[in-house]
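Novice: pasting a predicted model and its sequence here:
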Amino acid sequence: MPKASATPAPPAEPASYEAALEELEQLVARIESGQLPLDQMLAGYQRGAALLAFCRKRLEAVQDQIKVLDDGQLQPWTQE
């Protein structure tokens, strides 16, 4: 009988930018509380880095789409 793998499966990719941002905010709050054991804090930091990379990737994709819509120029946002 094979042994179960000791390494856990990586967490699933968030469903959306908003879901990733919400999870990241909750994770930061737990880490900043100072109540996590060191190993959980490290795992939380690693997950946070992955969530941040996901959010940045999504934002860059949206910026690229906006550039296409604005003829290759990313325009400053104005609320007019």
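Specialist: Okay, I see it. Numbering: from 1, shown residues only.
Novice: next secondary structure element downstream of the host helix or strand of Ala20?
Specialist: When elements are assigned from DSSP states H and E, Ala20 belongs to helix 17-32. On the C-terminal side of helix 17-32, the nearest following helix or strand under DSSP H and E is helix 38-69.
Novice: how about that next one: buried residues?
Specialist: Neighbour counts using 16 or more other CB atoms under 10 Å place Gly44, Gly48, Ala50, Leu51, Phe54, Cys55, Arg58 of helix 38-69 among the buried residues. For the C-beta atoms, the positions are set from N, CA and C on the backbone; glycine is no exception.
Novice: now render these as CSV, adding pLDDT and distance to Leu27.
Specialist: Output for those, formatted as CSV (pLDDT from 0 to 100; distance: CB to CB, whole Å):
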residue, pLDDT, distance to Leu27
Gly44, 94, 5
Gly48, 96, 5
Ala50, 96, 10
Leu51, 96, 7
Phe54, 96, 13
Cys55, 96, 12
Arg58, 94, 17
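Novice: ok so, going back, which residues are contacting the helix holding Ala20?
Specialist: By CB atoms under 8 Å, 6 or more residues apart in numbering, the list of residues contacting helix 17-32 from outside reads 14, 36, 41, 44-45, 47-48, 51-52, 54-55, 58-59.
Novice: run the last query once more with 7 Å
Specialist: Where contact means CB atoms under 7 Å, 6 or more residues apart in numbering, the residues beyond helix 17-32 that reach it are Pro14, Leu36, Met41, Gly44, Tyr45, Arg47, Gly48, Leu51, Leu52, Phe54, Cys55, Arg58.
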